[in-house]
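Q: coords please:
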Amino acid sequence: MKKIILPLVLALSLVGCKSQKKDVTEVDPIRFSQSITSSELSDYLYTFSSDEFEGRETGQEGQKKAAQYLKNYYNSLNIQGGSSEDEPYFQTIDSSFFKGRFNSSENVIAIIEGSELPEEYLVITSHYDHEGIKNGKIYNGADDGSSGSMAMMEIAEAFQKAVSEGYRPKRSVVFLHLTGEEKGLLGSKYYTENPIYPLDNTVANLNMDMIGRVDEAHQEDSDYIYLIGSDKLSTELHNISEEANSSYTNLDLDYTYNDENDPNRFYYRSDHYNFAKFDIPIIFYFNGVHEDYHKPTDTAEKIEYDVLEKRAKLVFFTAWEIANREERPFVDKPTL
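A: Model prediction:
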């Protein structure tokens, strides 16, 4: 029996070792990106921006429902929570941090741990709050607060699909849904002042805020996205972004709002900025403003789901490269 069993055990162990040594740098990420679909984005977004969630105002019942929805999604994919609190998917922010202006709220956080560099972190962000109910009207925030969060959910699924096939990213990838953005970037402010993962080991932040619509300047060609901040701190991150786009998505990368003299100052107006203040390289993905911005008419049927899919895939491919390259993006233009 020993002469039969031992070779069999050895063979099985060798098969196991081989399956564990899949080289993530040699697999084509397109196969995983195919899980990012306009139909799923539509299903999630119609739910998330429905009246049931009451505009997801910070600290209110609708925001609590939204946080639970996000938690349940990551749990269903077997992506672990990123917090050490009693509720591992939530980073609780007490009302005192908001100086009592709003009820306590939560950032929602999940993580796929890296295989080789688990203590280096790529953080992908989008806020999930919106304006709530004003004068009896629900501000659903389909583009503003829903489009980025739903894209992040799909990106997480693509990474987890890779993991299920044996291709775990080298670095850890953190999926951070932020509360309180509409109140003054407060969720990201809290996270960067109370980081769950060390900021020194945070290699980059990719932030999506309003990526589901087409603005007036691009009515003739919707295959675009505004990129802001990609070259502010790291020329290398900017080049990674450009190469990911040219290799996979071929969107028009519009840098209009990246101009330091642009009067809109969008670089300072979304959650990535609280990471950039610590010299963490960032990219802000943005579709530009539209007539429904911060109005109750920002609703799910106005989202361009095919366009949203392409933009989500661009973020995925960029994240894939950052998570799996040999070195973290070099900060050649530090501000600190």
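Q: Could you use CA atoms for every contact and neighbour count after this?
A: OK.
Q: ranges for the helices of the stretch 51-200 of the chain?
A: 61-76, 148-164, 186-193 (DSSP state H, counting those that start in this stretch).
Q: Comparing those helices, which stretch has the densest surroundings?
A: Mean neighbour count (mean count of other C-alpha atoms under 10 Å) peaks for helix 148-164 among the helices of the stretch 51-200 of the chain, with a mean of 23.
Q: now what about it, what contacts it?
A: 32-37, 41, 44-45, 73-74, 77, 79, 112, 124-128, 168-169, 175, 177, 208-212, 308-309, 312-313, 315-316 (C-alpha atoms under 8 Å, 6 or more residues apart in numbering).
Q: ok, Phe286 to Met152 distance?
A: Using C-alpha to C-alpha, to the nearest Å, Phe286 is found at 14 Å from Met152.
Q: And for Asp279?
A: For Asp279 relative to Met152 (C-alpha to C-alpha), the value is 23 Å.
Q: before we move on, back to that, which among the contacts of helix 148-164 count as buried?
A: 32-33, 35-37, 41, 44-45, 74, 79, 112, 124-128, 168-169, 175, 177, 208-212, 308-309, 312-313, 315-316 (16 or more other C-alpha atoms under 10 Å).
Q: Tell me which of these fall in strands.
A: Counting by DSSP state E, the part of the buried ones among the contacts of helix 148-164 found in strands is Ile112, Ile124, Thr125, Ser126, His127, Phe175, His177, Met208.
Q: Which of the residues you listed sits closest to Ala67?
A: Closest approach between these and Ala67, by C-alpha to C-alpha: His177, at 8.6 Å.
Q: residues touching the closest one, list them.
A: Going by C-alpha under 8 Å, 6+ apart, the list of residues near His177 reads Asn107, Val108, Ile109, Thr125, Ser126, His127, Tyr128, Ser149.
Q: rerun at 10 Å
A: 67, 70, 90, 106-110, 124-129, 145, 148-149, 152-153, 187-188, 207 (C-alpha atoms under 10 Å, 6 or more residues apart in numbering).
Q: ok, now Val289?
A: Asp143, Asp144, Met210, Arg213, Val214, Asp215, Glu216 are the contacts of Val289 under C-alpha under 10 Å, 6+ apart.
Q: Show me the two of those that sit farthest apart.
A: Pairwise distances across the contacts of Val289 peak at 16.8 Å for Asp144 and Glu216 (criterion: C-alpha to C-alpha).
Q: At which residues are the strands of this structure located?
A: 80-81, 90-93, 105-112, 117-127, 132-134, 137-139, 171-178, 202-208, 224-228, 252-254, 282-286.
Q: follow-up on the earlier one: between Phe286 and Met152, which contacts overlap?
A: Joint contacts of Phe286 and Met152 (C-alpha under 10 Å, 6+ apart) are Asn207, Met208.
Q: Looking at the strands of the chain, which is nearest to Gly55?
A: Across the strands of the chain, Gly55 has its closest neighbour in strand 132-134 (3.7 Å, C-alpha to C-alpha).
Q: Direction included, what does that closest one pair up with?
A: Partners of strand 132-134 in the sheet, by DSSP bridges, are strand 137-139 (antiparallel).
Q: Need the residues that contact the partner strand.
A: Counting by C-alpha under 10 Å, 6+ apart, 49-57, 130-133, 294-299 sit against strand 137-139.
Q: I'd like the average pLDDT over stretch 89-98.
A: Stretch 89-98 carries an average pLDDT of 98.
Q: Check stretch 219-229 too.
A: 97.
Q: With stretch 190-209 instead?
A: For stretch 190-209, the per-residue pLDDT averages 98.
Q: Same check on stretch 61-80?
A: Here the average pLDDT along stretch 61-80 is 98.
Q: so how far is it off the chain centroid?
A: Stretch 61-80 has its C-alpha centroid displaced from the chain centroid by 14 Å (C-alpha atoms, centre = their mean, to the nearest Å).
Q: low-confidence ranges in the chain?
A: Scanning the chain with the threshold set as pLDDT under 70 gives 1-21.
Q: Give me the more crowded residue out of Asp144 and Glu216.
A: A direct count of neighbours by other C-alpha atoms under 10 Å for Asp144 and Glu216 places Asp144 higher, at 31 against 12.
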